[in-house]
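Sequence and predicted structure, then a few things I'm wondering about:
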Amino acid sequence: MKITMPLPRIVHYTILTMLMFLIGALPAGFDHQDRKEHLDRQGRLDHRSDYIMDSISGGNFSDYVSTHITEKDRWALSMRTFGSFHNFMHELMTQMVRHGENEHLERGETPDFSNRISGGQWSDYRQTLEDAGDDSPWYELVRITEIMHDRVHHAMARSLLYDHHVHSRDADPEDYLRGDILDFGEGIPDPDERSINTASLDEFREWAWRYDAGTPEFHSSVQKMAVFAHMLDDMLTQWLEYGEEHSDPDCSPADGNESLRSAAWPNYAQQIVGCEDPLWRELVLVSDLMRDRIHHMMYKLMAYAD
């Protein structure tokens, strides 16, 4: 018979002290959930290769909207907003890579481009840093920005598919999208795989207002990120209002969410599982992934600046 002796009291105190030290060593401003995620995921940085997504080029998206969406209603306005939102994202990424060009040239050559960087060129830049074995905060920011960019294009593709279906457009989506169309739910990761740190719009805006960066390019990147976040808030608010008009109550946001603007979007994504309109449900879920990634990027920008 094995007898387990209780640990001496001093051992208990030692373990407790070590745990308190580890928790206290985390970055300032982390709440309980942040601490848990930091400890669970320390050293793990996800990669674009971890995910599968639908996609569409910015040019094809704008061509589709300009050619086929001629209405002046709420939905049509939101799709035009999405086109401008996408273009501004690339302006932000261009400003960021200019910062990398000036401040981190030793980490890898930046791609050659004219007015703005493309998603493919951004991936080439990330690969250059990766091949050089870069594990700096700048590389982390480049890497998660790439995933954010891909999620925006994923949501663009799903918005086109929804529009094509609900309006019976005289167009073939496959003429516009890249690759095969994913099955419903195929590009949605499990909730357990989505524990990433994020910054709220209010938190980031207050920080950006007072931030004075050492380089003009990064200072401009921070201010562009704040505008980009507000554009996201505007677009998702338009979709919340559009969702209220859905004929299926299970596809509409819960009462009261409309006043919360895009902050209500995660709640909407959780409650829409019972929606029997699969194309709208998929768009809401993918847009929630996009929102997560943009708020994750806001968090990473703040971390990089510190």
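Great, that's in hand.

What ranges in the stretch 51-200 of the chain fall below the confidence cut-off?
Where the stretch 51-200 of the chain drops to pLDDT under 70, the residues are 105-108.

quick one: the strands in it?
Taking DSSP state E, counting those that start in this stretch, the strands of the stretch 51-200 of the chain run over residues 55-56, 177-178.

With respect to burial, which of these scores highest?
With neighbours defined as mean count of other Cβ atoms under 10 Å, these peak in mean count at strand 55-56, which reaches a mean of 22. Every C-beta, even on glycine, is put in place using the N, C-alpha and C of the backbone.

so what does that strand touch, helix or strand wise?
For strand 55-56, the packing partners by 3 or more Cβ pairs under 8 Å, 6 or more residues apart in numbering; DSSP states H and E come out as helix 137-167, strand 177-178.

just those: most buried one?
The highest average neighbour count among those, using mean count of other Cβ under 10 Å, belongs to helix 137-167 at a mean of 21.

Report all helices and strands that it contacts.
Helix 137-167 sits against strand 55-56, helix 58-68, helix 74-103, helix 119-131, strand 177-178, helix 278-305, with contacts defined as 3+ Cβ pairs under 8 Å, 6+ apart.

Serialize the ones you listed to TSV and add fields for distance to residue 233.
Supplementary listing: these in TSV, determined by distance: least, Cβ to Cβ, whole Å:
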stretch	distance to residue 233
strand 55-56	23
helix 58-68	20
helix 74-103	11
helix 119-131	23
strand 177-178	27
helix 278-305	9
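
before we move on, back to that, can you lay out the strands of the stretch 51-200 of the chain as a markdown table showing distance to residue 148?
Below are those laid out as a markdown table (distance: least, Cβ to Cβ, whole Å):
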| stretch | distance to residue 148 |
| --- | --- |
| strand 55-56 | 13 |
| strand 177-178 | 18 |
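
Nearest to residue 212 among those strands would be which one?
strand 55-56 (37.0 Å; Cβ to Cβ).

ok, the closest one: who's next to it in the sheet?
For strand 55-56, sheet partners with direction are given as strand 177-178 (antiparallel), following DSSP bridges.

Find the residue closest to residue 219 in space, skipping its chain neighbours.
In this structure, residue 219 finds its nearest non-sequential neighbour in residue 213, 3.7 Å apart by Cβ to Cβ, 6 or more residues apart in numbering.

rewinding a little: can you tell me which of the helices and strands packed on helix 137-167 comes nearest to residue 199?
Nearest of those to residue 199, taken as Cβ to Cβ: helix 278-305 at 4.2 Å.

re earlier: what's the closest of the strands of the stretch 51-200 of the chain to residue 88?
Of all those, strand 55-56 sits nearest to residue 88, with 17.0 Å by Cβ to Cβ.

quick one: contacts of that closest one?
Residues lying outside strand 55-56 but in contact with it, judged by Cβ atoms under 8 Å, 6 or more residues apart in numbering, are 150, 153, 154, 156, 157, 160, 176, 177, 178, 179.

Turn those into CSV, including distance to residue 117.
Below are these laid out as CSV (distance: Cβ to Cβ, whole Å):
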residue, distance to residue 117
150, 14
153, 14
154, 19
156, 17
157, 20
160, 23
176, 22
177, 22
178, 18
179, 22
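
Show me which pair in those is furthest apart.
Looking at the contacts of strand 55-56 by Cβ to Cβ, the two members farthest from one another are 150 and 176, with 16.9 Å of separation.

any idea how far the nearest residue to residue 93 once chain neighbours are set aside is from residue 142?
Counting by Cβ to Cβ, 6+ apart, residue 117 is the residue found nearest to residue 93 once chain neighbours are left out, at 5.4 Å. Residue 117 sits 11 Å away from residue 142 when distances are taken as Cβ to Cβ, to the nearest Å.

Overlap in contacts, those two.
When contacts are counted by Cβ under 8 Å, 6+ apart, the set common to residue 117 and residue 142 consists of residue 125.

Okay, the residue lying closest to residue 101 once chain neighbours are set aside and residue 213: tell me how far apart.
The spatially closest residue to residue 101, leaving aside those adjacent along the chain, is residue 110, at 4.4 Å (Cβ to Cβ, 6+ apart). According to Cβ to Cβ, residue 110 and residue 213 sit 19 Å apart.

Neighbour count: these two, which is higher?
Neighbour tally, residue 110 and residue 213, criterion other Cβ atoms under 10 Å: the higher count belongs to residue 110, 20 against 14.

Compute the distance between that one and residue 304, please.
When distance is defined by Cβ to Cβ, residue 110 is 17 Å away from residue 304.

Repeat that for residue 290.
The gap separating residue 290 from residue 304 is 21 Å, by Cβ to Cβ.

Any idea how many residues pack against the residue nearest to residue 93?
Residue 117: 24 surrounding residues under other Cβ under 10 Å.

Thank you kindly, that will do.
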